[in-house]
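> A structural model of the following input is requested.
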Amino acid sequence: MQPLRSFAFATVLLVGASAGSPAAETSVQSVPDKALQAMLDRYAEAATLFYDGKPEAVKALWSHADDVTLSGAAGGDTAKGWNDVSSRLDWASSQFLGTNGSKTIEQIQTAVDGNFAYIVQYEHIRYHRPGQSEVARRDYRVTTIFRHEPEGWRVVHRHADTLMTRQDIK
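Purely as a prediction, here's the structure:
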């Protein structure tokens, strides 16, 4: 557990250091680890299903360990441990049930170091709310942390929020 906390802290420092760089806001980064890139491709495909009310493909890409965490864009407490994270993913996906949603990604930063990696990206979600015909939109800032496990790269933490516009601190 301690190495994950240290990595998460380092991630916050690295993300904060690159946030002011204009190049960081517009560049698309290639991932040097081919296995991680393959996982990111599967994760993007799974997200399409997730935003159509089908969370199983996304859940299959998460670690099922007790140290996983999820701070979802809908707010609330951070889910801790696979049981809580799994339930939160089911709930979040159900908010888009049968909506034929879509997702586009703007990749901001990717880093790989040993058995850990992280991505920072913007996600633009288009969906229909259950029972409504107009297209709704959600735009997220997302940081996702991955760990290389015996089964390959797995998600161990995701934090998403809708704070796309800087707000004054009052």
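
> In space, what's closest to W62 - neighbours in sequence excluded?
V155 (4.6 Å; CB to CB, 6 or more residues apart in numbering). Using the backbone N, CA and C atoms, a C-beta is placed for each residue, glycine as well.

> doesn't the one you found fall inside a strand?
Yes. The assignment for V155 by DSSP: H, G, I helix; E, B strand; the rest coil puts it in a strand.

> ok, and what's touching the strand ranked longest in the chain?
For the chain, the strand with the greatest residue count under DSSP state E is strand 135-149. Residues from elsewhere that reach strand 135-149, judged by CB atoms under 8 Å, 6 or more residues apart in numbering: 4, 7-8, 11, 15, 35-36, 39, 63, 65, 73, 114-129, 153-164.

> Now list the buried members of those.
Those of the contacts of strand 135-149 that meet the buried threshold are 4, 7-8, 11, 15, 36, 39, 63, 73, 116-121, 123, 125-128, 153-160, by 16 or more other CB atoms under 10 Å.

> sorry, back to before: for the longest strand of the chain, give the mean pLDDT please.
Strand 135-149 shows a mean pLDDT of 93 in the predicted model.

> which residues touch W153?
Contact partners of W153, counting by CB under 8 Å, 6+ apart, are D33, A35, L36, M39, A117, F146, R147.

> pretty sure the second one is in a helix, no?
Yes. Assessed by three-state DSSP, A35 belongs to a helix.

> Tell me which residues touch the residue nearest to W62, please.
Y43, L61, W62, S63, V68, T144, I145, F146.

> give the contact list for the third one.
Contact analysis of W62 by CB under 8 Å, 6+ apart lists V68, W82, V85, S86, L89, R154, V155, V156.

> looking at it, L49 is touching A60, isn't it?
No. Using CB atoms under 8 Å, L49 makes no contact with A60, being 10.5 Å away.
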